[in-house]
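Novice: Attaching a predicted model along with its sequence, questions to come.
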Amino acid sequence: MRIIDLSMPLVSGHLRWKMEQTAAQGAISRVTTIKVSCHSFTHVDARRHYFADGRTIDETPLDHCVGSCAVIDLMDIGPNEAIGPETLAARGMHVNPDDIVLLKSGWHRHRSFETRAFWTEAPYLTREAALWLKGTGLKSIAYDFPQDYCIRLLLDGVSRPIEEHVTHDILLRAGVTMIEYLTNTAAISAQRLHFSAAPLKIPGSDGAPARAYVIEGLS
């Protein structure tokens with residue numbers, strides 16, 4: 001059995017996300033406090049993130065974040081490459097209905113998530129790819145790259161219509177739970193494994209940070 005950590009570390013001074021961390025040393029213990037967006041670093045999106053009638057993170061079933069996972073290998077995908085349905089269909093024949101699907105591009109090998117290039121040069125999913133994923137009947141999707149092209153525009157404060165946030169518009173709208181910004185996926189060797197990215201239980205929230213990992217060889 002092998003446990004592989006897929007979580008981004010929470011770091012201060014990130015170019016996209018603001019994270020504040022302080023520590024107070026008392027007489028007998030040390031207490032750390034953090035302030036961070038629920039949609040920064042490795043996290044889970046609840047449907048409420050984009051849709052007012054959707055489930056909040058505490059209402060999202062835990063089996064959407066923990067369970068059997070199909071890994072789609074995209075390790076040969078290059079910078080700024082559009083990932084279409086043909087690629088996913090050819091490599092995702094082992095995806096079953098109600099799977100958690102993990103898209104393994106290994107993007108962390110090419111660009112650090114602390115650099116602008118991680119965002120502006122990333123591969124991305126086309127609208128047709130998101131529709132193909134929806135058609136598999138998956139319950140959750142996990143990404144290791146900024147999956148919508150327009151995410152890169154957020155660095156410069158440019159917001160685009162929801163139709164351009166294709167995975168949110170198609171998958172999150174359909175009730176598919178989204179797990180965003182995994183890292184270290186190149187360490188995964190199995191095509192099917194056990195996945196966990198249980199979010200913090202924050203009542204009424206539209207998302208929450210998570211510690212993501214997979215277990216290979218779990219009997």
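Specialist: Cool, got the structure. Numbering: from 1, shown residues only.

Novice: Return the residues in contact with the most centrally placed residue in the chain.
Specialist: Among the residues of the chain, the one closest to the centroid is Glu180, at 1.5 Å (C-alpha atoms, centre = their mean). Applying C-beta atoms under 8 Å, 6 or more residues apart in numbering, we find Glu180 in contact with 39, 42-45, 142-143, 147. In short, each C-beta sits where N, CA and C put it, glycine included.

Novice: in this protein, which ranges drop under the pLDDT threshold?
Specialist: 219 (pLDDT under 70).

Novice: rewinding a little: between the contacts of Glu180, which is nearest Pro209?
Specialist: Distance to Pro209, by C-beta to C-beta, is smallest for His43 among the contacts of Glu180, at 5.0 Å.

Novice: Would you mind giving both backbone torsions of that closest one?
Specialist: His43 adopts backbone torsions of phi -150, psi 170, taken as degrees, to the nearest 10.

Novice: Run a quick neighbour tally on it.
Specialist: His43 has 25 neighbours, counted by other C-beta atoms under 10 Å.

Novice: next one: Ile4
Specialist: Applying other C-beta under 10 Å, we find 17 residues neighbouring Ile4.

Novice: can you pull the contacts of Glu164?
Specialist: Taking C-beta under 8 Å, 6+ apart as the criterion, Glu164 is in contact with 148-150.

Novice: quick one, helices of the chain?
Specialist: For the chain, helices defined by DSSP state H occupy the ranges 85-91, 116-120, 127-135, 166-167.

Novice: can you put the ones you listed in JSON lines and add mean neighbour count?
Specialist: Shown next, in JSON lines, are those (neighbours: other C-beta atoms under 10 Å):
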{"stretch": "helix 85-91", "mean neighbour count": "16"}
{"stretch": "helix 116-120", "mean neighbour count": "16"}
{"stretch": "helix 127-135", "mean neighbour count": "19"}
{"stretch": "helix 166-167", "mean neighbour count": "22"}
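
Novice: mind checking which of these is nearest Arg160?
Specialist: Between Arg160 and these, the shortest gap by C-beta to C-beta is with helix 166-167, which sits at 10.5 Å.

Novice: List of residues touching that closest one?
Specialist: 125-127, 129-130, 133, 141, 143, 147-149, 178.

Novice: possible to save those as TSV with distance to Lys35?
Specialist: Converted to TSV, the contacts of helix 166-167 look like this (distance: C-beta to C-beta, whole Å):
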residue	distance to Lys35
Leu125	31
Thr126	36
Arg127	35
Ala129	35
Ala130	32
Leu133	34
Ile141	28
Tyr143	25
Gln147	26
Asp148	26
Tyr149	30
Met178	23
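
Novice: now the end-to-end length of stretch 162-173.
Specialist: 10 Å (C-alpha to C-alpha, to the nearest Å).

Novice: Next: stretch 110-120.
Specialist: Distance across stretch 110-120, first residue to last, is 12 Å (C-alpha to C-alpha).

Novice: cool, stretch 86-103 as well?
Specialist: So stretch 86-103: terminal residues 14 Å apart, C-alpha to C-alpha.

Novice: Could you give the separation of that stretch from the chain centroid?
Specialist: Here stretch 86-103 is found 16 Å from its chain centre; the criterion is C-alpha atoms, centre = their mean, to the nearest Å.

Novice: Need the residues that contact that stretch.
Specialist: 64-65, 67-74, 77, 83, 129, 132-133, 136-145, 147, 179, 182, 185, 188, 191-192, 195, 214.

Novice: Check stretch 107-114 too.
Specialist: Stretch 107-114 is contacted by residues 8, 11, 14-15, 79, 117-118, 121-123, 144-145, 181, 183-186 when judged by C-beta under 8 Å, 6+ apart.
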